[in-house]
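[1] Kindly generate the corresponding structure for this input.
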Amino acid sequence: MPVPFEALIPYGIILATYQMFGATGAGLSKFRNWQNGGKRARRSLDQWDRQMMDRDRRLTGFLRGQSDAPLAPAGFELNNPWRVEKRFV
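    Numbering: from 1, shown residues only. Next up, the predicted model:
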């Protein structure tokens, strides 16, 4: 005896939901990987890691980029990470 198609509708809904969650998770993972320059996401960053990531961003223009050049690029000497407050005159 064949199964009526109405009995298969809930299974189709469940399968579609699993596929949507899987596609969303894969898309978010791919986007995060692309955002980090193809590297895995960093975890438990401390102040030193954040400072080095900021320095790398200022050197290469990319948050996760690193440079092996022995000399800094032109203009880096004016690229100071210290934020100075405006003085009242």
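
[2] Okay, buried residues for the strand or helix carrying Asp56 please.
    Here Asp56, judged by DSSP states H and E, is contained in helix 47-60. By neighbour count on 16 or more other CB atoms under 10 Å, the buried set for helix 47-60 is Met53, Asp56, Leu59. Where C-beta positions appear, they are placed from N, C-alpha and C, glycine not excepted.

[3] what's the offset of the one helix or strand in the chain whose mean pLDDT sits lowest from the middle of its chain?
    Lowest on mean pLDDT, DSSP states H and E among the helices and strands of the chain sits helix 47-60, with a mean of 86. Chain-centre distance of helix 47-60: 15 Å, with CA atoms, centre = their mean, to the nearest Å.

[4] contacting residues around it?
    42, 45, 62-67, 72-73, 76, 79, 81 (CB atoms under 8 Å, 6 or more residues apart in numbering).

[5] Export those as TSV, with columns for neighbour count.
    Listed next are the contacts of helix 47-60 as TSV, based on neighbours: other CB atoms under 10 Å:
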residue	neighbour count
Arg42	12
Leu45	11
Phe62	12
Leu63	13
Arg64	15
Gly65	13
Gln66	12
Ser67	12
Ala72	12
Pro73	13
Phe76	12
Asn79	11
Pro81	9
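
[6] And the strands in the chain?
    Along the chain, counting by DSSP state E, no stretch forms strands.

[7] Average pLDDT for the biggest helix by length in it, rounded please.
    Of all segments of type helix in the chain, defined using DSSP state H, the longest is helix 9-35. In this model, helix 9-35 has a mean pLDDT of 93.
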